[in-house]
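1. When you get a sec, could you give me coordinates for this:
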Amino acid sequence: MANHKPHLSFWQIVNMNFGFFGIQFSFGLQQSSMSPIYKYLGADEASLPYLWLAGPMTGLLVQPLIGAMSDRTITRWGRRTPYFLVGAILCSIGLLLMPFSPTLWMAASLLWILDAANNVTMEPYRAFVSDKLAPRQHSIGFLTQSAFTGLGQTLAYLTPSLLVWWGMDKDAVNSHHIPHVVIVAFVVGAVCSIASVLWTLRTTPEHPLSAAELAEMRSRPAGWRHTLGDIVDAVREMPPTMKQLALVKLFQWYAMFCYWQYIMLSLATTIYGTTDQTTQGFRDAGLLTGQVGAFYNGVAFVGALALVPFTRRYGPKLTHSACLALAGAGMLCIPLIHSPLLLLLPMVGIGLAWASIMGNPYVMLAGCIPPERTGVYMGIFNMFIVIPMIIQIFTLPLYYRSWLGGNPENVIRLAGGLMLCGALAVLFVKLRPRAAEGQAAPAARAVLGGGH
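-> Numbering: from 1, shown residues only. The predicted structure is shown next:
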């Protein structure tokens, strides 16, 4: 069926992926604000990884299940659309409630709901690219999602600082010490989450399934046992390329989870010399984390499309390896920097890696999975994101104080070393010819207006 899919213009691809902006705005708020919120509510530094368990656990349980279900779903609106809408509504509700959490357990519980909702929306969005686009446009489809990841997270990280620049008092807090600028940022995120998904639903209908496809789907046994059976069969028949990418994702996602959890605490010690959440320096570190996070996500936004010609010329494997190496070097340098302005240098490497992480592995994957099982394989592939996070959650507290000296700066150094390991591991991935050659050549021409 891929050969019969119409060629979409660049702006049509932008419209179909615009909902990814809201999803990633939500993730950006979590990355930038959950550790501070937990600290404001009384969490201990060593326990922070456990409090982040919601994201990887919901991803592990929800994404493959939703992927398999969306492959089987038949409605008047399409296979993926119901999941987009339900997930976006639940996500918006979670974002509205989160900054008003009066207790640590409530904030942690809301994060479970919020992450589950994000995963319900995001996994079918990955499959949507393969549904709508012919293989020659997969690269531009996934890299456009990567660009919206950068844009959404840039604005999520930057919103508290923008509110301060627009006149809000950065030191105004509620009774639980949560700054008002953080509360307003979550409200903005709730609006962006639902509005961006509704834009995609309005502008980009799903392709109607052919009679043969409908007949094949209806012939499959119904019920949750058969859905789980689809997942088990897909794991058993997993392509070799996908297995090799699992090791790469182990390194890069363990590293990114370390970075997100401890970057604010690291900057609080290196730039402001404090770990006390009641001080102005700690609040300033939160704003600085948002600013440098916005910068690296801005680099990712621009870099996602800038990487297209490099992927075309050198292939997704070499491009991804180079980007991970730059991020690793940058993370190793962060604890050595004591000037906020100089932090922008390592953020360039982290931004390029973030753009590549959200795009190039999917380019490599798309060339090796059967199109009729795209949803379930995308869900399983995203398990390779959450499993490293779960491993990080249960292992880092074991050696945080003994091996890392209870120092958040050492967690950032660990993240840098793991990124370098990921850069090496990706070089051993064996790609199928289509992915190895790079699918970005037609994509690059589409960006420039050629599109042939």
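
2. CA atoms for contacts and neighbours, from now on please.
-> OK.

3. Below-threshold pLDDT in the stretch 151-300 of the chain: ranges please.
-> 209-210, 217-218, 222-224 (pLDDT under 70).

4. residue ranges of the helices in it, please?
-> Using DSSP state H, counting those that start in this stretch, the helices found in the stretch 151-300 of the chain span residues 180-203, 211-219, 224-236, 240-270, 280-333.

5. Rebuild the ones you listed as a markdown table, extending it with distance to F142.
-> Listed next are those as a markdown table, based on distance: least, CA to CA, whole Å:
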| stretch | distance to F142 |
| --- | --- |
| helix 180-203 | 15 |
| helix 211-219 | 24 |
| helix 224-236 | 22 |
| helix 240-270 | 17 |
| helix 280-333 | 9 |
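
6. Of those, give the one that comes closest to F18.
-> helix 180-203 (5.9 Å; CA to CA).

7. who's in contact with A107?
-> Counting by CA atoms under 8 Å, 6 or more residues apart in numbering, A107 touches 38, 98-99, 101.

8. Could you take the residues you listed and lay them out as a markdown table, with extra columns for pLDDT, secondary structure and neighbour count?
-> What follows is these, written out as a markdown table (pLDDT from 0 to 100; DSSP: H, G, I helix; E, B strand; the rest coil; neighbours: other CA atoms under 10 Å):
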| residue | pLDDT | secondary structure | neighbour count |
| --- | --- | --- | --- |
| Y38 | 92 | helix | 23 |
| M98 | 94 | helix | 22 |
| P99 | 91 | helix | 24 |
| S101 | 92 | coil | 18 |
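
9. Distance to G315 added to those, as a markdown table?
-> Conversion of the contacts of A107 to a markdown table gives the following (distance: CA to CA, whole Å):
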| residue | distance to G315 |
| --- | --- |
| Y38 | 41 |
| M98 | 41 |
| P99 | 43 |
| S101 | 46 |
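
10. who touches stretch 175-193?
-> 19, 21-23, 25-26, 29, 33, 37, 40-41, 88-89, 91-96, 98-100, 102, 156, 159-161, 163-164, 168-174, 278.

11. Pull out the buried positions in that stretch.
-> 177-193 (16 or more other CA atoms under 10 Å).

12. ok, back up a step: which of the contacts of stretch 175-193 are buried?
-> 19, 21-23, 25-26, 29, 33, 37, 40-41, 88-89, 91-96, 98-100, 156, 159-161, 163, 170-171.

13. Which members of these occur in strands, if any?
-> Taking DSSP state E, every one of these sits outside strands.

14. Can you give me the pLDDT of A441?
-> pLDDT, A441: 35.

15. now do the one 4 residues further on
-> Each residue has a pLDDT score; the one for R445 is 32.

16. before we move on, what about I74?
-> 75.

17. before we move on, what about H4?
-> You'll see H4 listed with a pLDDT of 68.

18. just F310 next, same as before
-> Reported pLDDT at F310 in the predicted model: 88.

19. Relative to L427, how far out is it?
-> Distance of F310 to L427, computed by CA to CA, to the nearest Å: 16 Å.

20. now do S9
-> The value you get for S9 to L427, if CA to CA is used, is 33 Å.

21. how many neighbours does H7 have?
-> For H7, the count of nearby residues is 17 (other CA atoms under 10 Å).

22. what about the nearest residue to P397 once chain neighbours are set aside, how many neighbours?
-> Of all residues not flanking P397 in the chain, A46 sits nearest, at 5.7 Å (CA to CA, 6 or more residues apart in numbering). Neighbourhood size, A46 [other CA under 10 Å]: 16.

23. Under the pLDDT cut-off, which ranges of the stretch 301-450 of the chain? List them.
-> In the stretch 301-450 of the chain (pLDDT under 70), the answer is 432-450.

24. All the helices of it, in order from the start?
-> Shown for the stretch 301-450 of the chain, the helices assigned by DSSP H, counting those that start in this stretch span residues 344-357, 360-366, 374-399, 408-425, 433-437, 440-448.

25. surely L427 meets G315?
-> No - counting by CA atoms under 8 Å, L427 stays clear of G315, with 11.2 Å between them.

26. mind giving me the domain split of the protein?
-> 8-208, 230-431 (the TED database).

27. can you put those in CSV and add distance to P221?
-> Output for these, formatted as CSV (distance: least, CA to CA, whole Å):
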stretch, distance to P221
domain 8-208, 10
domain 230-431, 10
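
28. List just the one of these that sits closest to R220.
-> Nearest of the domains of the chain (CA to CA): domain 8-208, 8.2 Å.

29. Off-centre distance for the closest one?
-> When distances are taken as CA atoms, centre = their mean, to the nearest Å, domain 8-208 is centred 9 Å away from the chain's centroid.

30. end-to-end on it?
-> One end of domain 8-208 to the other measures 16 Å (CA to CA).

31. Report the separation between K249 and G328.
-> Remark: distance between K249 and G328 (CA to CA) = 14 Å.

32. make that F21, sorry
-> Taken as CA to CA, the span from F21 to G328 is 26 Å.

33. just to revisit the earlier point, with neighbour numbers in mind, choose between L427 and G315.
-> Legend: neighbour count by other CA under 10 Å for L427 and G315, higher for G315 (22 against 14).

34. ok, for L245, nearest residue in space, not its chain neighbours?
-> In space, L245 is closest to V429, 6.5 Å off (CA to CA, 6+ apart).

35. Surely the one you found is in contact with T241?
-> Yes - using CA under 8 Å, V429 is in contact with T241, at 6.3 Å.

36. which of K249 and G328 has more neighbours?
-> G328 (29 against 25).

37. Can you give me every residue that contacts that one?
-> Applying CA under 8 Å, 6+ apart, the residues near G328 are 349-350, 415-420.

38. what's the answer for V299, then?
-> By CA under 8 Å, 6+ apart, the residues touching V299 are 150, 348, 351-352, 355.

39. Can you name the two of those that sit furthest apart?
-> The widest separation within those (CA to CA) is 12.4 Å, between G150 and V348.

40. quick one, which of these two is more surrounded?
-> Higher neighbour count among G150 and V348: G150, with 33 against 23, using other CA under 10 Å.

41. what about that one, which SS state?
-> helix (DSSP: H, G, I helix; E, B strand; the rest coil).

42. can I assume it is in contact with G293?
-> No - taking contacts as CA under 8 Å, G150 lies outside contact range of G293: 9.9 Å.

43. overlap in contacts of the two?
-> By CA under 8 Å, 6+ apart, no residue touches both G150 and G293.

44. Relative to L418, how far out is the nearest residue to M358 once chain neighbours are set aside?
-> In space, not counting the residues next to it along the chain, M358 is nearest to S146; the distance is 5.1 Å by CA to CA, 6+ apart. Computed as CA to CA, the S146 to L418 distance reads 22 Å.

45. Kindly report the same for A322.
-> The value you get for A322 to L418, if CA to CA is used, is 14 Å.

46. So between these two, which is more surrounded?
-> Neighbours per residue, other CA under 10 Å: of A322 and L418, the larger number sits with L418, 26 against 20.

47. what's near enough to touch that one?
-> L418 neighbours (CA under 8 Å, 6+ apart): 251-252, 254-255, 328.
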